[in-house]
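Chemist: When you get a sec, could you give me coordinates for this:
(chains A and B)
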Amino acid sequence: MEERYKPKKIEEKWQRIWEEGKSFQVSENSRLPKYYLLEMFPYPSGQIHMGHVRNYSIGDVVARYKRMRGFNVLHPMGWDAFGLPAENAAIERGVHPSIWTEENIIYMRNQLKRMGLSYDWEREVATCNPEYYKWNQWIFLKLYERGLAYKKISSVNWCSSCETVLANEQVIDGLCWRCDTPVAPKELEQWFFKITAYAEELLQDLDQLAGWPEKVLLMQRNWIGRSEGAEFDLPVGGRRDLKVRVFTTRPDTVFGMAYAVLAPEHPLVDRLLDGSGERAEVERFRAEVLKQSEQERTAEDRPKRGLRLSARVVNPFNGAQIPLFIADYVLMTYGTGAIMAVPGEDQRDWDFAKVHGLDIIETVRRPQGWTGEAYTGDGIKINSGFLDGLAVADAKRRAIDWLVERGIGEATVNYRLRDWGISRQRYWGTPIPILYCEGCGIVPVPESELPVELPQDVPFTGKGGSPLLESQRFLSASCPKCGKPARRDTDTMDTFVDSSWYFLRYLSPKLDSAPFDPDKAGYWMAVDQYIGGVEHAVMHLLYARFFTKVLRDLGLTKVGEPFTNLLTQGMVCKETYRCGEHGWLFPGEMIGSEKEGWRCPQCGRAAEQGRVEKMSKSKKNIVDPEELITAYGADTARLFTLFAAPPEKDLEWSAQGVEGAYRFLTRLWRFVAQHRKALASASSDLNPTELSQNIRDLRRLIHRTIKKVTDDIEGRFHFNTAIAAVMELLNALSLSVKDEAIWKDGAPLIKAGVEAIVVLLYPFVPHMASELWENLGHQRGLEEIRWPAYSLEALEEERLLIVVQVDGRVRGKITVPPDASKEFIEAEALADPKVKGFLRGKEVRRVIQVPRRLVNIVSEG
RNA sequence: GCCCGGAUGGUGGAAUUGGUAGACACACGGGACUUAAAAUCCCGAGGAGCCGCAAGGCUCCGUGCCAGUUCGAGUCUGGCUCCGGGCACCA
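Modeler: Below you'll find the model as predicted:
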């Protein structure tokens, strides 16, 4: 064994051994219980970043740990390979998206392999391969057959100069990111998946997900946004043929209705106009509203803008004619696109009524001393006709009954969740398998003709709509029904479609007769542990849950929830530097020094140290994992990211922290190298003669460390504290080996301690642990070794330290035998000289004991 | 704006169920080794103050801010401040 730790050499060695030995390939044919571990697959952007290093290091700990616990672990990896950056690279650098993507995958796969991650690479998938996206198309057709895929008009961000659709991130302050032209909405007919058909089930089933973080469940619940209420019609004054259907969650407040509001886009608005003057005003108002984002329109701190129409509507409950408005704070996408407004009991309506000088009628008695504006709490109904005297909940029911009896309304459940728009006017995605025939209309591409492949020969200009429109070969087809010429749909699918079922494709990645093998899904599903960034807490996870339910209803899998346990990891952050004039600076490009201060290379002015932010290219605070691995090795990179913070918290990058992780590994290496010979001759049995106190303490520490590391990995993924415990054990062993007496009687224990460290560290730093294990004389690799057990007997404390408080403040400490009685401990505590001092002249009122920990003596009432 | 989180020494963090705040590590300071430096090893340390020649001992304050519950609060409750994630075409 070499004296020096050479990570490059040993990491290459073990990676080769794992690869040649196919150590991590798994099949369904195992007597062991299955464990499906999944990490969110990366977008192949070019290089892995620290977020990936963190995500996959966490995952690999779990994978290797679970194998040691005797599970048949499926741990796959693949590529979320469709997306905008590839198309941007094509536009900016003239590389074809498929080539750019393929090169990135090759490079990044190599980087992941150099991290020593225990994937079954035989199962790798890339969503941009026709063998994969064929099944996106197949699933689309199944959804279409079931009425779960449909077309409707919706608006997109349109740059009139580039004549193209922009993604939200390509719109900067309302302007096109390429040409600074103001972006305007444009109405297009687009494909939607009817996720709302599953809204109730998606909500209900959250209750089954005990293994998900509470905050994610809450975010999903709020996103789905179920609200119960009523829908009913308001007749338009003097227009027998017209009525406005409104949705409200507060049917009990109908007697407080001061006015009604339509969304400016509401189709009924045009039919309510009186003359060209009003039409022009409405057009002007609509144009203003269109400039605002939905977020701006609904912001509670902005003035609510509205336009009063000449038409009036009738409150069916009391026959009152009330004003009708169009206003920005009512959205066409929620409810019926129209509301009744009750300023007394709704703050938005209250704000609006104040601005427009409208009546405010209170319909719920305010509590004593109420000073607020709109009152949304419970109470007794007033000013409400037949509802007077009822509580809010009863009044809601009575009001709905009243509506139902007269046939003008009904109880409804409304969701904030909207259908999922999947159309994208782009090239680098899955083509939507639909044809348009002049005679037959919309015709799905027959299954037998899938996949509809992306054509290679298209220009990438960033202008003029989807590149697919430029390919005649792609565009023209013949109608499968009548054989006449037909035109292909040129939209491609949202990339969230790809990632909504990839975890199923891993189960049979090469199958060409179905998206996945139902038998294999029966064995592997659901995913036992899913690990990825918090930023996916709502959308990706909701879409994947939706797809799983649809695939279940298609009879392909039995599970209704894809991910049993979820770990959402925090982001990787680092400090930033910027120049007042030239913006963000790379630490490496600054001039000057740490002592005299860093300066901007362009203007020489002092660089301000900005705050710690999420690593991103734009803020120039990225650290390339490649350099890290080259300089220190994969084990150090892994150890640092796992030790610096618990997984769910943000991780702050620290060059010194990396240095520290490396130093620990070096120290461990040196320790084993120095004592290897002595350890080799140590027997593995302890001398049965009486052990000294020091040796008994060391034995307890070893077992306590095994327990601590086990509990930290198993229960809560707190790898930082697990590693800290191992460090403590190494510190203790380092002291022990200096003690002749311990060597004499306890050599086997030192050996057991070193081996425990190596085995416990294997999930974290597998290369180093494997190399040390081999050097300790073991023939079988750690892949075949079981996780160590601890002995309860060895954990037994020989004496307990009890803290003694007087009136809640620590005043003394006593040591007692572990089986000491309450009475004994109380007597000892009261007898402690320091405690006595604090009790002098005071009366003991009561004594509180926490078993094995603490005594609190309360002296005054 | 709305929804969801977070804040603990000079720094990252620990304290798992309301019971010794600061484990482990980094940075720092001191010492050993060395001709010297690096590396390594050992020691110290939350802040303020007090007692003592010294070793050492003692007191108060302290987990973003303000209240509250409790014998006891980093942990629970209410109200704030600041920072971050998501908000439906980034993935």
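Chemist: Tell me who's in contact with residue A:522.
Modeler: Contacts for residue A:522 (C-beta atoms under 8 Å, 6 or more residues apart in numbering) come out as A:557-558. For the C-beta atoms, the positions are set from N, CA and C on the backbone; glycine is no exception.
Chemist: Against residue A:507, how distant is it?
Modeler: Look at residue A:522 and residue A:507: by C-beta to C-beta, to the nearest Å, they are 10 Å apart.
Chemist: Quick check: residues of the stretch 401-550 of chain A near RNA strand B?
Modeler: Residues of the stretch 401-550 of chain A that fall close to RNA strand B, judged by C-beta under 7 Å from any atom of the strand: A:416-418, A:420-421, A:423-425, A:494-496, A:499, A:534-540.
Chemist: Drop the exposed ones from the residues you listed and show what's left.
Modeler: Burial by neighbour count, judged by 16 or more other C-beta atoms under 10 Å, picks out A:417, A:420, A:423-425, A:494-496, A:499, A:534, A:536-537, A:540 from those.
Chemist: farthest pair in those?
Modeler: A:425 and A:534 (29.9 Å; C-beta to C-beta).
Chemist: Please narrow the buried ones among the residues of the stretch 401-550 of chain A next to RNA strand B to those residing in helices.
Modeler: A:495-496, A:540 (DSSP state H).
Chemist: What's the end-to-end length of stretch A:471-484?
Modeler: Taking C-alpha to C-alpha, to the nearest Å, the span from the opening residue of stretch A:471-484 to its closing residue is 19 Å.
Chemist: circling back to that earlier point, from the buried ones among the residues of the stretch 401-550 of chain A next to RNA strand B, which single one is nearest residue A:657?
Modeler: residue A:534 (21.8 Å).
Chemist: tally of neighbours for residue A:222?
Modeler: Residue A:222 is flanked by 11 other residues according to other C-beta atoms under 10 Å.
Chemist: Could you list the buried residues of the strand or helix carrying it?
Modeler: Element membership of residue A:222, judged by DSSP states H and E, is helix A:214-224. Across helix A:214-224, burial judged by 16+ other C-beta under 10 Å covers A:216-217, A:219-220, A:223-224.
Chemist: Could you list every helix and strand in contact with it?
Modeler: helix A:199-204, helix A:539-553 (3 or more C-beta pairs under 8 Å, 6 or more residues apart in numbering; DSSP states H and E).
Chemist: For the longest one, give the mean pLDDT please.
Modeler: So the one you mean is helix A:539-553. Mean pLDDT, computed over helix A:539-553, is 97.
Chemist: contacting residues around that helix?
Modeler: Against helix A:539-553 from outside (C-beta under 8 Å, 6+ apart): A:40, A:139, A:142-143, A:146, A:148, A:193, A:195, A:198, A:201-202, A:205, A:216, A:220, A:223-224, A:420, A:496-497, A:499-501, A:503-504, A:515, A:557-563, A:566.
Chemist: helix or strand right after it?
Modeler: Following helix A:539-553 toward the C-terminus (DSSP H and E): strand A:566-569.
Chemist: Please see if that following strand touches RNA strand B.
Modeler: No. Using C-beta under 7 Å from any atom of the strand, strand A:566-569 stays clear of RNA strand B, coming no nearer than 8.9 Å.
Chemist: The helix or strand that that strand is followed by pairs with which strands, and in what direction?
Modeler: The helix or strand immediately downstream of strand A:566-569 is strand A:572-579, counting by DSSP H and E. Paired strands of strand A:572-579, with direction, are strand A:583-585 (antiparallel), strand A:608-614 (antiparallel), strand A:651-652 (parallel) (DSSP bridges).
Chemist: For strand A:572-579, the averaged confidence score.
Modeler: For strand A:572-579, the mean confidence score works out to 74.
Chemist: do the same with stretch A:811-827
Modeler: Mean predicted confidence for stretch A:811-827 is 89.
Chemist: Just the endpoints, please. Distance across it?
Modeler: Per C-alpha to C-alpha, stretch A:811-827 runs 15 Å from first to last residue.
Chemist: contacts for that stretch?
Modeler: Against stretch A:811-827 from outside (C-beta under 8 Å, 6+ apart): A:796-805, A:828-829, A:832-835, A:838, A:847, A:849, A:852, A:855.
Chemist: is any part of that stretch close to RNA strand B?
Modeler: Yes. For stretch A:811-827, a contact with RNA strand B is found by C-beta under 7 Å from any atom of the strand, at A:811, A:813.
Chemist: follow-up on the earlier one: quick one: list the elements packing against the helix or strand just after the helix holding residue A:222.
Modeler: Remark: after helix A:214-224, the chain's next helix or strand is strand A:226-236, criterion DSSP H and E. Taking 3+ C-beta pairs under 8 Å, 6+ apart as contact, the helices and strands that strand A:226-236 lies on are helix A:199-204, strand A:239-248, strand A:306-314, helix A:392-405, strand A:409-415.
Chemist: 7 Å instead, please
Modeler: Judged by 3 or more C-beta pairs under 7 Å, 6 or more residues apart in numbering; DSSP states H and E, strand A:226-236 is in contact with strand A:239-248, strand A:306-314, helix A:392-405, strand A:409-415.
Chemist: sorry, back to before: just the buried subset of the contacts of helix A:539-553, please.
Modeler: The buried subset of the contacts of helix A:539-553 (16+ other C-beta under 10 Å) comprises A:40, A:139, A:142-143, A:148, A:193, A:195, A:198, A:202, A:216, A:220, A:223-224, A:420, A:496-497, A:499-501, A:503-504, A:515, A:557, A:559, A:561-563, A:566.
Chemist: Would you map the strands across the stretch 51-200 of chain A?
Modeler: A:72-74, A:149-159, A:164-166, A:171-172, A:175-176, A:184-193 (DSSP state E, counting those that start in this stretch).
Chemist: pLDDT averaged over the fifth one, what's the number?
Modeler: Looking at strand A:175-176 alone, the average pLDDT works out to 87.
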